[in-house]
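Q: Quick one, structure for this:
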Amino acid sequence: MTHKRMIKIIYPVCLLVASALVFQGCSKDNSGGGSSGDTLSYIRNYSFEYNGLPSLDDWTSYQALAINMSNSTPPGGGTWSVMFETSWDPTNYLKSTVVAPQGNVQLLYSLWAKAEGLGGHAEFYVIHQDSLAVRTIFNVTDTTWTQHTAMDTLTLVSGDSIGVRISGAVSQLITGKTWFDLVKIRKIPNP
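A: Alright, predicted model coming up:
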């Protein structure tokens, strides 16, 4: 077989294999976060995983290299959680912000968390056109997985956003770790 003939056969085969690999990589399930697929949560990747693989999709971080994925999870938490080590850097956090539902709404903020040593915190917030309002703060102190929840009633208009920011503790002297999982914002139906 000549060299030119081999190239004519190999090139289409390689192209076909590469196309199949690209298509397979694009089949990620974005129907909801974590293993439970809670489509009512505004935070889509609330369990820090897609299809059983660790993921920070839909989260923003300024220190992504400092974020650790952990196999320690709460009940119903799938396979992965996120873990922060205490840091001197206040930008060591993750946040997720989404378009807010409009009108008079009741929101349920919830997450599971635990700490070892100095614990971090979570802030649920609303961004209006001219301001940011932190609505609820959860300080993480328990050494076992604990669920934190809060209800909030507010009026939201077009252009508003809702979100959450999670972080480890900030300290130069004291060490600690903080784990988060199942971080959700859900709209409670009006009666």
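Q: for this protein, what's the longest strand?
A: What stands out as the longest strand in the chain, according to DSSP state E, is strand 103-117.
Q: following that strand, which helix or strand comes up?
A: Next helix or strand after strand 103-117 toward the C-terminus (DSSP states H and E): strand 121-127.
Q: Checking Leu75 next. Helix, strand or coil?
A: Heads up, residue 75 is Pro, not Leu. coil (DSSP: H, G, I helix; E, B strand; the rest coil).
Q: How about it, nearest residue that isn't a chain neighbour?
A: Spatial nearest neighbour of Pro75, chain neighbours left out: Trp145 (7.4 Å); criterion: C-beta to C-beta, 6 or more residues apart in numbering. Just so you know, the C-beta spots here come from the backbone N, C-alpha and C atoms, and that holds for glycine as well.
Q: which of the residues in the host helix or strand of Leu94 are buried?
A: In this assignment (DSSP H and E), Leu94 forms part of strand 93-99. Buried residues in strand 93-99, counted by 16 or more other C-beta atoms under 10 Å: 93-94, 96-97.
Q: what's the answer for stretch 106-123, then?
A: For stretch 106-123, burial by neighbour count (16+ other C-beta under 10 Å) applies to 107-115, 118-123.
Q: From the chain's centroid, how far away is the longest strand of the chain?
A: 13 Å (C-alpha atoms, centre = their mean, to the nearest Å).
Q: cool, stretch 157-165 as well?
A: 16 Å.
Q: which of the residues in it are buried?
A: 160-165.
Q: Would you mind measuring the gap between the ends of it?
A: For stretch 157-165, the first-to-last residue distance is 21 Å (C-alpha to C-alpha, to the nearest Å).
Q: Where does pLDDT dip in this protein?
A: 1-37, 64-65, 191 (pLDDT under 70).
Q: all helices for it, in order.
A: Here the chain has its helices, by DSSP state H, at 3-25.
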